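> Predicted coordinates and the sequence they were generated for:
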Amino acid sequence: MRHIISALVENKSGVLARIAGLFSARGFNIDSLTVGETEDPTVSRMTIVVRGDDRTLEQVKKQLNKLIDIISVRDLTKKGFIDRELLLFKISVGQDTRQKAANYLEKNHARVLHSTSNTLTVEFVGDQEHVLKLLEGLSDYGVKDMVRTGRIALAKE
C-alpha cells in the first residue's frame, strides 16, 4: 500500500539529506519526495510517498519524529486529502496528428506551452489518477521527454 506522509520540518540545510538517509538506512524506498517552503519561510513541508504496510508506516513515523528538525509528521493516507502532481512533457506531432493531439490535451485540461513543427511542450496538473490516465492516452503520440514533480498533498480538514 502507498502511504502519503506530510512532514513539517525546519527550513535548514541538511534536513532533506538526514531524512533521505533515514529512509535509506532502514531499507525503505521513497516513491516520491517533494519539499517546499510553507507560508512561514522558516518551515518547509515535505510530502513523502512510501510503500509498505501499516506496521512499516508506524516505524517510519517513529523514526522521523526522532529527528531534531521535524516539527510534525502526519499520515494523510487514511484521512481526506487533496493531492496534485505537475507534469511537463513533449510529444511528437505531425501535420496530420497536431489537431487531434491538441483536442485530446484540451479535453484533459492540459495546456500547450510551446509548439514547433513537430513537437508540443505541455503542462498538466492533476491527481495521480488523472496523471496516469493522461499518460496512457498519450501513447499514440510518443512522449519525447518528461519531468514530474512528484505528489504534493494537503489534508482536507
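Sure thing, it's come through.
> and the lengthiest strand in the chain, average pLDDT?
In the chain, with assignment by DSSP state E, the single longest strand is strand 81-92. The average pLDDT within strand 81-92 is 96.
> Pairing partners for that strand, with directions?
Partner strands for strand 81-92, per DSSP bridges, with pairing direction: strand 119-126 (antiparallel), strand 143-148 (antiparallel), strand 152-155 (antiparallel).
> possible to save these as JSON lines with mean pLDDT and mean neighbour count?
No exception for glycine: its C-beta is placed from N, CA and C like everyone else's. As requested, these are exported to JSON lines (pLDDT from 0 to 100; neighbours: other CB atoms under 10 Å):
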{"stretch": "strand 119-126", "mean pLDDT": "97", "mean neighbour count": "18"}
{"stretch": "strand 143-148", "mean pLDDT": "95", "mean neighbour count": "12"}
{"stretch": "strand 152-155", "mean pLDDT": "94", "mean neighbour count": "17"}
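> Which one of the ones you listed lies nearest to residue 23?
Go through those one by one with CB to CB and the one that ends up closest to residue 23 is strand 152-155, at 17.7 Å.
> and the closest one, C-alpha only, in PDB?
Written as PDB, here are the backbone C-alpha positions of strand 152-155 (Å, rounded to 0.1, in the frame of the first residue of the first chain):
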ATOM      1  CA  ILE A 152       2.100  17.100  -3.100                       C
ATOM      2  CA  ALA A 153      -0.800  16.800  -0.700                       C
ATOM      3  CA  LEU A 154      -2.800  18.700   2.000                       C
ATOM      4  CA  ALA A 155      -5.300  17.300   4.400                       C
END
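> contacts for that strand?
Applying CB atoms under 8 Å, 6 or more residues apart in numbering, the set of residues contacting strand 152-155 from outside is 4, 6, 34, 36, 47, 74, 76, 79-85.
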